[in-house]
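# How does the following fold in three dimensions:
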Amino acid sequence: MVRTEILSNSSPIRVSQKDLIALSTTAKVIPLDAVNIRSLQAGSYISPFKGRGMEFDESRPYQPGDDPRNIDWRVTARSNQAYTKLYREERERPVYVITDLRDNMHFATRGRFKSVTASYLASCLAWAAHHRGDRLGGIIFGNNVCTEIRPKMGRRAVLRYLHSIAEHPDWNPSHAMEHPNQYESFLKAITALRRVVRPGSLVIIISDFLGFRQMCNAMLAKLSQHNELLTISVNDPIEMNPPPPGTYRLVCGDHERSIETYSRQARDEYAAEFNQRKRELSSFFRRYGIHNISITTDQDPIDAIINSLGRHVN
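Numbers count the residues shown, from 1 in each chain. Predicted structure coming up:
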């Protein structure tokens, strides 16, 4: 399989445009147009992704997990149970894929760099949008460079997006080391996103969400009111669970550093900090009806996204 060859033979620390292009066939099986519907009729389907650029189709009884904002109050008032509105998606829906390539993404202890995993995911989702007939746009951002791509249709739009990923300057460690600021670079990307996105769009953000703070929260919450948002959190296993007691060598370009993890208190504080950040993110996503998928660097990113989009995501 082409996908298997790409994942097994490619570099774990950066991507090539050739490999990203080769993922086109694989992306045909990604159910981007529906999260939990496995049987679709071409040209006519109801999607659980509900934006404001959709056409009302029908009402059905409210089910746990439905967006309360879509309750059909008129039908509910005439019956003894709650009903929710279902929408039929408009064709040529804009899809924005936001890919994080900041220096904190160029890291892994297992599998491949978070930046590489994010790039593979972004490429497959870009191809999936193309195969579905959507307009593709997005943002690719690093420490200092934020590339905005206006949504367009066709294969050329995907190739332009993949080229912007593969040639982004933050793949160069010397560039990535220049004045990194996780919060400011993330805020710049979200600010640009809010400026270009139109109501009724599907917005996909792929990141480890380091530096995602109050101002970013407010902007993303505003975007979620009129667009469907899907977030994909990419983390390395060592970020989720501290390593066993020992001495470890970290390498970043020409720089090396050794750390010791013998302190039980330090390991516990490390784990508590990550779990607290994870809980805060999950709570924020749930509050605003933002779908979230978690993927680790040692997973097959394509299998992970296919399996996750085949069911409701939280």
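
# in this structure, which helix has the most residues?
helix 264-287 (DSSP state H).

# Mind listing residues that contact that helix?
209, 212, 217, 221, 231, 233, 239-242, 245, 261, 290-292, 314 (C-beta atoms under 8 Å, 6 or more residues apart in numbering). Where you see a C-beta, it was placed from the backbone N, CA and C, and this is true even at glycine.

# Quick check on those: which are buried?
Buried subset of the contacts of helix 264-287 (neighbour count, 16 or more other C-beta atoms under 10 Å): Phe209, Phe212, Asn217, Thr231, Ser233, Glu239, Pro242, Ile290, His291, Asn292.

# quick one on the thing from earlier: tell me the strands beside whichever helix or strand comes after the longest helix of the chain, with direction?
Downstream of helix 264-287, the next assigned helix or strand under DSSP states H and E is strand 291-296. The strands beside strand 291-296 in its sheet (DSSP bridges) come out as strand 228-235 (parallel).

# how about the CA coordinates for the partner strand, as CSV?
What follows is strand 228-235, C-alpha atoms only, in CSV (Å, rounded to 0.1, in the frame of the first residue of the first chain):
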residue,chain,number,x,y,z
GLU,A,228,-18.1,23.7,12.5
LEU,A,229,-14.8,23.2,14.3
LEU,A,230,-12.7,20.1,14.5
THR,A,231,-9.5,20.1,16.6
ILE,A,232,-6.8,17.4,16.4
SER,A,233,-4.4,17.3,19.3
VAL,A,234,-1.0,15.8,18.5
ASN,A,235,1.2,14.8,21.4
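
# Show the average pLDDT along that strand.
For strand 228-235, the mean pLDDT works out to 94.

# And stretch 170-181, by the same measure?
66.

# again, but for stretch 128-138
Model confidence over stretch 128-138, given as mean pLDDT, is 92.

# So what touches that stretch?
24, 27-28, 30, 32-33, 91-99, 122, 126, 149-155, 157-158, 161, 196, 202.

# Show the buried residues in these.
24, 27, 30, 32-33, 93-99, 122, 126, 149, 151, 157-158, 161, 196, 202.

# Let's see which of the residues you listed end up in helices.
Among the buried ones among the contacts of stretch 128-138, the members found in helices (DSSP H) are Ser24, Ala27, Ala122, Ala126, Ala157, Val158, Tyr161, Val196.

# export the residues you listed to TSV and tack on distance to Arg78?
Formatted as TSV, these follow (distance: C-beta to C-beta, whole Å):
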residue	distance to Arg78
Ser24	49
Ala27	44
Ala122	45
Ala126	44
Ala157	45
Val158	47
Tyr161	47
Val196	41
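
# What distance do you get for the nearest residue to Thr109 once chain neighbours are set aside to Glu58?
Using C-beta to C-beta, 6 or more residues apart in numbering and skipping residues adjacent in sequence, the residue nearest Thr109 is Ile238, 4.6 Å away. Distance of Ile238 to Glu58, given as C-beta to C-beta, to the nearest Å: 48 Å.

# the more surrounded of the two?
Between Ile238 and Glu58, Ile238 has the larger neighbour count (other C-beta atoms under 10 Å), namely 17 against 12.
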